[in-house]
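>>> sequence first, predicted coordinates after that:
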Amino acid sequence: MALDPIQLELLRQVADLHEVPQGAYSLRINGALHGKNSSENITIEKKNDKPGIDIYIKAGTKKESVHIPVLLSQSGLSELVYNDFHIGEGADVTIVAGCGIHNGGSEKSEHSGIHAFYLAKDAKVKYIEKHYGSGDGSGERIMNPTTEVYLSEGAYMEMETAQIKGVDSTDRITKAELAAHATLVIHEKLMTHGKQFAKTTFEVALNGEGSGTHVVSRAVAKDDSRQVFLSKIHGNNRCSGHTECDAILMDNAVISAIPEISASHVDAALIHEAAIGKIAGEQLMKLMTLGLTEQEAEEQIINGFLK
Amino acid sequence: MLEFQNVSFAAGDAEILRNVSFSVDERFVAITGPNGSGKSTIAKLIAGIYTPTSGRILLDGVDITELSITERARMGVSFAFQQPVRFKGLTVKDLISLAAGTENGKKISAAAACAYLSEVGLCAREYIDREVNASLSGGELKRIEIAMTMARGSKLTVFDEPEAGIDLWSFNNLIDVFRKMYEKTKGSIIIISHQERILDIADKIIVVSGGEIAAIGEKSEILPELLKGSGGCRFTAPRKEEA
């Protein structure tokens, strides 16, 4: 079954794809699996006991990618999906997930995904997740993603998450446990406008010797929107951890940044940074001296900040 | 041509400039004077960051006194800040291409942007994709700021103390950059500076002291007097008696 134009646009927004992807993929539309494809090294299986899929990536798989977009274009749909990723030893892969909701109706549309990543020794994953909402309907677009990350010795995961437009309410939870010499890097970009609400919670346990994490969030809150950023890092061994939240506040928006670091090992080195402020007047002024209007300058600054 | 006609500026109760009049038609004009004399205020009045309390500012005969920063920029006024601004996320290429604007709806090419960086002595390949953030040094930022004004190619460019905050090595290079700009400019350059070697490039020097013009003249006339040292109070404006 071909995708309709709204679905294609959602797919483009969340996965940069112009058609059903090649290679290993799973495409979920309006609460049902639309199609999936396994490749030689990547197996995708539908779960039998609950909605969702299991993704198995063979040890040593290099330079391959998996796309698992979720699209909701039917108003009033609520779903909860479980996706588990099992990454074999020494594999090096890119996983692109994302959820696009188009709600043209008056009922709320909601997608909650629980993603669990199990990385074997020395496995490497780049995980990209985008959230996008569209539609003129009065129905809310809600996304509540939970991500669980389990990194074995020497494993490396980089997670990029972005929610730039159109999601009315989100409660994102990311939890991770790291074994020796494992590394987790998280970059979050978030923009809220209108009356949107977004809450992000990161909780990283650095359990293994030499493990490390960077949790970096950049956020812009406009209009009457609200954001809460919680980041907790626990240093339970010789490790290094860094969490940073940098936020631009505009109009009547409200942002709370609550970083927390706790250490139970004398060689745990943990840092937290958080800053909230409006766009610096001198930045606007500089761009205006280049011939931009104040509004154009503001757009450039925000686009750059969230790039 | 830029003209200040009896421009005064006050911030609250503090009078910063009093009846300042001068015109700039030369290729390269330096404005100098002691700290706190009002030099940077003149630069900000030209760019439109400040609006005069009284008096008029004309650009090519057009009264720009009440025009905004954006309107003046579009008329051909460029302003290089004393403290270049850092931007999280915007790259050197982003800023140079914003500075260059669009021609027939097209943005400046990467090669053209790189050429401006090379002109200010930066290795274009290393810098073009760098973010203009805290990872750049003061000297690097200054050069990028200058490359941006070159990319704009406007008829009037104002530099507010380009030497501030940079090391001697970078300063020597900066002098070369300004010498080159002097050769190439199709308009006028105004530099606010304390540096003899920058004043030495100027066709005309304006000395500001205590919020007033203390002297205006050719370099050959002004520079020797300035260099006589602290005792040379010839250009010190008479202080008004306290009321």
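Sure thing, it's come through.
>>> pull the residues that contact stretch B:41-50.
A:285, A:289, B:2, B:4, B:7, B:9, B:16-17, B:20, B:31, B:51-52, B:57, B:64, B:67-69, B:71-73, B:77, B:79, B:156, B:158, B:160, B:190, B:192, B:208 (C-beta atoms under 8 Å, 6 or more residues apart in numbering or on different chains). Any C-beta I mention is one placed from the backbone N, CA and C, and that applies to glycine too.
>>> same check, this time on stretch A:152-160
Contacts for stretch A:152-160 (C-beta under 8 Å, 6+ apart): A:87, A:117, A:119-129, A:147, A:149, A:151, A:174, A:179-187, A:189, A:208.
>>> so how far is that stretch off the chain centroid?
Stretch A:152-160 sits 15 Å away from the centroid of its parent chain (C-alpha atoms, centre = their mean, to the nearest Å).
>>> can you tell me which of the contacts of stretch A:152-160 end up in strands?
A:87, A:117, A:119, A:124-129, A:147, A:149, A:151, A:174, A:183-187, A:189 (DSSP state E).
>>> got a PyMOL select line for the buried ones in those?
PyMOL command restricting these to the buried ones, with burial defined by 16 or more other C-beta atoms under 10 Å in any protein chain shown:
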select buried, chain A and resi 87+117+119+124+125+126+127+128+129+147+149+151+174+183+184+185+186+189
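>>> low-confidence ranges, chain B, go.
B:104, B:229-243 (pLDDT under 70).
>>> scratch that, chain A
Using pLDDT under 70, chain A drops low at A:1.
>>> who in chain A is up against chain B?
By the rule C-beta under 8 Å from any C-beta of the partner chain, the part of chain A lying against chain B is A:218, A:246, A:280, A:282-283, A:285-294, A:300-301, A:303-307.
>>> please redo it, this time with the cut-off set to 10 Å
A:189, A:218, A:246, A:248, A:280-294, A:296-297, A:300-307 (C-beta under 10 Å from any C-beta of the partner chain).
>>> weed out the non-buried ones from those.
For the residues of chain A next to chain B, buried by 16+ other C-beta under 10 Å: A:189, A:218, A:246, A:248, A:283-293, A:296-297, A:300-302, A:304-306.
>>> which ones among the residues you listed lie within helices?
Counting by DSSP state H, those place A:283-288, A:296-297, A:300-302, A:304-305 in helices.
>>> quick one: the strands in chain B?
Under DSSP E, chain B gives strands at B:2-11, B:14-24, B:28-32, B:54-59, B:62-63, B:77-80, B:156-160, B:188-192, B:204-209, B:212-218.
>>> residue nearest the centroid of chain B?
Nearest to the centroid of the C-alpha atoms of chain B, with distances taken as C-alpha atoms, centre = their mean, sits residue B:159, at 1.6 Å.
>>> hey, what's that one bridged with?
residue B:80, residue B:191 (DSSP bridges).
>>> ok, now which ones touch residue 20?
Just so you know, I chose chain A. A:2-3, A:8, A:11, A:27, A:34-35, A:37, A:67, A:69 (C-beta atoms under 10 Å, 6 or more residues apart in numbering or on different chains).
>>> I was thinking of chain B, sorry if that wasn't clear
Contact partners of residue B:20, counting by C-beta under 10 Å, 6+ apart, are B:4-9, B:38, B:41-42, B:45, B:52, B:55, B:206, B:208, B:211-213.
>>> tally of neighbours for the closest residue to residue B:194 other than its chain neighbours?
Leaving aside its sequence neighbours, residue B:194 sits nearest to residue B:32 (C-beta to C-beta, 6 or more residues apart in numbering or on different chains; 6.3 Å). Residue B:32 has 26 neighbouring residues, counting by other C-beta atoms under 10 Å in any protein chain shown.
>>> pretty sure residue B:32 sits against residue B:213.
No. Using C-beta atoms under 10 Å, residue B:32 is not in contact with residue B:213, being 11.5 Å away.
>>> show me what the residue nearest the centre of chain A is bridged to.
Residue closest to the mean C-alpha point of chain A, counted by C-alpha atoms, centre = their mean, is residue A:161 at 2.7 Å. Assessed by DSSP bridges, residue A:161 has beta-bridge partners residue A:129, residue A:188.
>>> so who does it touch?
By C-beta under 10 Å, 6+ apart, the residues touching residue A:161 are A:97-98, A:127-131, A:145, A:147, A:172, A:174, A:186-190, A:200, A:217.
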